[in-house]
Each structure stands twice: as C-alpha cells, then as structure tokens.
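Asker: sequence and computational prediction follow.
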Amino acid sequence: MTALYYLLGVVIFVVAILASIGLHELGHMIPAKRFGGKVTQYFIGFGPTVWSRQVGETEYGVKAIPLGGYVKIVGMLPPGAEQLADEATVDADGNTVTRVRKSNTGMFTQLISDARAAEWELVRPEDSERLFYKLPSWKKVVVMAGGPTVNIVIAFLIFCAVFATYGNPSDPQVDPVVARVEACVVPAAEAGRVCTDEDPVAPAYEAGFREGDRFVSFNGEEITDWRQLQGLIRGNDDGRAEIVVERGGEELTLTTNTLVTARPTSATDATEQQVGFLGIQPATHLQTGGVPYTLEQMGGMTVDTVQALATLPAKVWDVAQAIVGLEERDPAGPVSIVGGGRLAGETVSHDEFPVADKTVFLLMLIAGFNFFIGMFNFLPLLPLDGGHIASALWEAVRRRLARLRGRPDPGYVDAAKLLPVAYVVASAMLVMGAVLIVGDLVVPLHLEG
C-alpha cells in the first residue's frame, strides 16, 4: 500500500507540472492568435510525437519527454541581409515560397543563416502580415510574457488558497505561551532524550509552569512577543526570575532562578553560547492571510528566487560534487522534476503525516515549482521568454529614440544575431538539468533531510 501511495504522489505531482506547462504554452498561444499571429504547433514535451491532432492551422500534441513544451509561432526571426534577391520563387506545386540563402562565412554566421532559413521555410505569401517579428513591440512583450505570467498566477492562486485557510507553513509565528515544560536540562545536542538522575531539574518545571501559561512580564518588564522574552531569559544568566503568567483568566507570579547552559545562537546559527535557560517550549501557529498577505509573501519569494538564480550554477556544481561523493548534498539546494516527484511520493506515502498536511505540502511544492519556472523564464536571456521580451523592449526603445531625434526607423531587432548566445544558454540549461536529474537519482533529497 505504501508503494501505491508513493506512486500516487508522483503521479499527482507530474500531472500538475504537465498541466502547468500546458497552461504556460496557452499563455503564449492565446495572445499570439488574438494579435493575428500564426501558430502552427502546440506541444507538451519534447522528442518523438506520442499523439497529435490538427485543428485548423494548429497541430496540438504530446511528445515523449515531459520536460517542457513549446508553441511554434511563424515569423519569429526577420529576414536578414543574406536573403536572396529573388527570394520569392515558385515551388513544384506552383506555390510562391520565400527562400533564404545559407551563408558559410563562419560557424556562427552559418548557425544564424540555417536558423533563419528553417524559420522562413514555413512562411507563405499569405502570412506576410501575420509574422511575429512584425507585431508591435508591446504585443510581442504580451505574447512572450504570457507564459511565465501564467505560472506565477498559478503559484499565486495556490499560495493564496493555502495561506487563507491552512496558514503559511514557511511563516510560523512563535507566541509567548508555554507549549511544553521541560522536566530537566539536557545538552542541546541531546534534546528530546529521557531525563536521568544526573540531569538538573529545569527551572520552569521547578517553578510550576504549565502548558498554556501566557507570559505577562519577566522581572517587571511587560512581554509583547517571544523574541523579546527569549532575549530576557538568555540575558538573565543564573539570576533570579520573577515571572507573571496568565492562567485560566488569572495572573500568577512564579519565581525561580534561570540556569546557565550552552544553547545554539539562533535557529539558523548552531554556534553554542552560554546563556540563561528556563526550560519551556513556546507555542507556535501558522500565519494566515488573504491577497495582501500573499502578495507580501511572494514579494519576499521574488527576492529569494532572484538570489537563488544568481547562485544556481554554483549550487548545481555542488550537486555534481555530491554525485561523486566529494561533499554532502545541500538539503536546501535545487532539485529537478525528478526530485520533486520523489518528495511528492514520500509525502503521500508517509504514515505519520495527516491528510491535510500532505495536501498542503503537495500544493506548496507545485506552487513553488510554478513560481520558479515563471521567474526563471523571465531571465533576459535567449532562448528564454525573457530574452525575447528584452529584444522587444529594446526594439521599442531604439525606435522611440530614433523618432525623437528625427532619424530613420532603425527597423526590427534581429533576434537571430543572438542565437549563438541562445545556444550557449540552452547548452548550459541542458547540462544543469542533467546534473540535477542524476543527483536526484544518485543522492536524492528526502523529507528527513
């Protein structure tokens, strides 16, 4: 049964990601068609075609490798200087065809020429006013931004639903309320073990603290939040502590002496310090909120994602080192869709997780992938959507500047000239993707990690 649940988790995750890819591509296709562009293909996946169907001028289908998708919009690249003077020729069927000469003056020039030729083999005379490169710049931006925007909207809708109902698992709020009273003082590294006769009694246990007690004041200072209280306890060393708590609607004064023991500096810094110790665990609750709260949280996620993207190559290198055993894999490092599927499977098959927690984890995982995909595609590099957006914006800027200066229209930006960069970026993406997939198979991350 556990194996079936594991498979169910993987299937749910993969189907959700494929649906997100399909919606991403719709985000490109729908505005492209609305603006009069010609879309000849809409596919989910890459590689050999598994299934397809022609509807009007567009072929819809699924390919064998579910690691992405694409829509083919005719006329992405403008004709270049290498175009033949007699570019309009007639083929064997009597159709007028636009041809592009293939230059062989250099490797990069040849790549650009070949790409341009392949692009223009699809162009018919009746398509002359439907070519993508001829669209106004703002329409190009809308078409190319549509895909990643859909992913970010999916993430927003999921985050908003979870935050408004269940709460934000990434934003637990710690309250100055006793959730548990420790019976004894044990070293931080041995937290959770059973007390022995050699362990000193915890000050809170000795003073009579109970679960549910809310701190009102500590040595005369009014308590407003847990961080403030924690600082007062840690700074009290082994001094006297007079603490007022609210219990059952009444205020009680409890007195004790805090003990000095080694504790981690913070939740993110394991360096130990000698600090005052009381011996209670605070209560926590998940922060909830609607649209404004979700937008605020996603603003922070945006900053974190930009920082993660800046360090992505280095983190993938760390995964490569982990694959060959040179270092441990970072539990907070990147994962591929394979790793996401494994985490989804482990979550659904975990015996100790309530159904609500499993559902929320899956939703957050799917939302996180969508948010990252959306942000990643906005990078201003070809062949990513952001590269096409940057080209369209630059086209608008230089045309505007030419008008202001009374100069001739500089024409369309030729994205084909950036194809060498696109090939380098695409190759790097393939390598990083392959490393992450291998890493998720050889040194996978687990929920326990």
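Answerer: Perfect, thanks for sending it.
Asker: CA atoms for contacts and neighbours, from now on please.
Answerer: Fine.
Asker: list the buried ones in the biggest helix by length in the chain?
Answerer: Across the chain, the longest stretch assigned as helix under DSSP state H is helix 2-34. Buried positions in helix 2-34, judged by neighbour count with 16 or more other CA atoms under 10 Å: 5-10, 12-14, 16-18, 20-29, 31-32.
Asker: same for that helix, what does it pack against?
Answerer: strand 39-55, strand 58-73, helix 137-165, helix 337-349, helix 355-377 (3 or more CA pairs under 8 Å, 6 or more residues apart in numbering; DSSP states H and E).
Asker: so how far is stretch 325-342 from its chain's centroid?
Answerer: Relative to its parent chain, stretch 325-342 has a centroid offset of 14 Å by CA atoms, centre = their mean, to the nearest Å.
Asker: element containing Pro444?
Answerer: Counting by DSSP states H and E, no helix or strand carries Pro444.
Asker: list the contacts for it?
Answerer: Counting by CA atoms under 8 Å, 6 or more residues apart in numbering, Pro444 touches Gly339.
Asker: confidence score at it?
Answerer: Per-residue confidence (pLDDT) for Pro444: 92.
Asker: turn the helices and strands packed on helix 2-34 into CSV, columns for mean pLDDT, mean neighbour count and distance to Val291.
Answerer: Formatted as CSV, the helices and strands packed on helix 2-34 follow (pLDDT from 0 to 100; neighbours: other CA atoms under 10 Å; distance: least, CA to CA, whole Å):
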stretch, mean pLDDT, mean neighbour count, distance to Val291
strand 39-55, 93, 16, 31
strand 58-73, 91, 18, 30
helix 137-165, 96, 21, 6
helix 337-349, 91, 23, 27
helix 355-377, 94, 20, 15
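Asker: quick one: which of those is nearest Val260?
Answerer: Nearest to Val260, of all the helices and strands packed on helix 2-34, is helix 355-377, at 37.3 Å by CA to CA.
Asker: for that closest one, packing partners?
Answerer: Partner elements for helix 355-377 (3+ CA pairs under 8 Å, 6+ apart): helix 2-34, helix 137-165, helix 291-310, helix 337-349.
Asker: so after it, what's the next helix or strand?
Answerer: Next along the chain after helix 355-377, taking DSSP H and E as the criterion, comes helix 385-404.
Asker: just checking, what packs against that following helix?
Answerer: Using 3+ CA pairs under 8 Å, 6+ apart, the elements in contact with helix 385-404 are helix 137-165.
Asker: what sits against Trp51?
Answerer: Gly61, Val62, Lys63.
Asker: OK, contacts around the last one?
Answerer: The contact partners of Lys63, taken as CA under 8 Å, 6+ apart, are Phe43, Ile44, Gly45, Phe46, Gly47, Pro48, Thr49, Val50, Trp51.
Asker: between those residues, which sits nearest Gly411?
Answerer: Each of the contacts of Lys63 was scored against Gly411 by CA to CA, and Phe43 proved nearest at 31.6 Å.
Asker: please name the nearest non-neighbouring residue to that closest one.
Answerer: Gly61 (4.9 Å; CA to CA, 6 or more residues apart in numbering).
Asker: got it, and Arg130?
Answerer: Gly37 (4.9 Å).
Asker: sec struct for the one you found, please.
Answerer: Secondary structure assignment for Gly37 (DSSP: H, G, I helix; E, B strand; the rest coil): coil.
Asker: ok, how many other residues are close to it?
Answerer: Residues within reach of Gly37, counting by other CA atoms under 10 Å, total 23.
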